[in-house]
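Novice: A predicted structure for the sequence below; I have some questions about it.
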Amino acid sequence: MKKFLMMAALLVTTLAVSAQDYNWAVGVRGGAFSGLTAKKNLGDNAMEAGLSLSAYTMTVDATYQWQQPVIADGFHLYYGVGAYVGLYTFFDSVGELLLGAEGVVGLEYKIPGAPIAFSLDYRPTFNILGGFGYSNFYNFGLGVKFCF
């Protein structure tokens, strides 16, 4: 019984101190919507903002993320919700304002001892204003961030 309690205490301690080992990260994300990203760690959670471009849109987004360690040292699963605002233009048409909600789920790997993190994520979106009802279910992306 003592061994079980000792292992349980060790596991709880490990999970409690498993937050990301950086405060800020800035980088790029490539995919259907490519652009710049900045992430601020808040302990076990994070805020991430980005400027994204696609063929006909430019958006600014922000998500609140929950993080937890998985697989091995340096790997974190993250998931969250957020919103975006943007501009949609199609050839010569006048720009249309976009406003919507988005989700995110991804896996990040921070290289131990190096200021670099890699991520793979999925960010589905749903327009509320401008193109109402339009959903983007193909927004997969790869990211590289410099951590400090």
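Specialist: Cool, got the structure. Numbering: from 1, shown residues only.
Novice: contacts and neighbour counts: CA atoms only from here.
Specialist: OK.
Novice: which strand residues bridge the closest residue to residue 96 other than its chain neighbours?
Specialist: Distances taken as Cα to Cα, 6 or more residues apart in numbering put residue 88 closest to residue 96, at 5.0 Å, once the chain neighbours are dropped. On the basis of DSSP bridges, residue 88 is bridged to residue 57, residue 96.
Novice: make sure residue 77 is actually in contact with residue 71.
Specialist: No - Residue 77 lies out of contact with residue 71 (Cα atoms under 8 Å); the separation is 9.2 Å.
Novice: that older thread, ok, the residue nearest to residue 96 - contacts?
Specialist: 56, 57, 58, 95, 96, 97, 98 (Cα atoms under 8 Å, 6 or more residues apart in numbering).
Novice: could you do residue 94 as well?
Specialist: So residue 94 contacts nothing (Cα under 8 Å, 6+ apart).
Novice: all further residue positions should be reported with the first residue as 567.
Specialist: From this message on, residue numbering opens at 567, which makes the last subject residue 660.
Novice: in three-state terms, label it for me.
Specialist: coil (DSSP: H, G, I helix; E, B strand; the rest coil).
Novice: can you pull out the strands in the protein?
Specialist: 590-597, 600-608, 611-619, 623-635, 641-654, 662-676, 682-688, 691-695, 701-702, 706-713 (DSSP state E).
Novice: confidence-wise, which of those is weakest overall?
Specialist: In terms of average pLDDT, strand 701-702 trails the rest of the strands of the chain, at a mean of 76.
Novice: what packs against it?
Specialist: strand 691-695 (3 or more Cα pairs under 8 Å, 6 or more residues apart in numbering; DSSP states H and E).
Novice: direction included, what does the strand it packs on pair up with?
Specialist: Strand 691-695 is paired, per DSSP bridges, with strand 662-676 (antiparallel), strand 701-702 (antiparallel).
Novice: for residue 609, find the nearest of the ones you listed.
Specialist: strand 662-676 (15.1 Å; Cα to Cα).
Novice: which other residues reach that closest one?
Specialist: Residues contacting strand 662-676 (Cα under 8 Å, 6+ apart): 629, 631, 640-655, 682-697.
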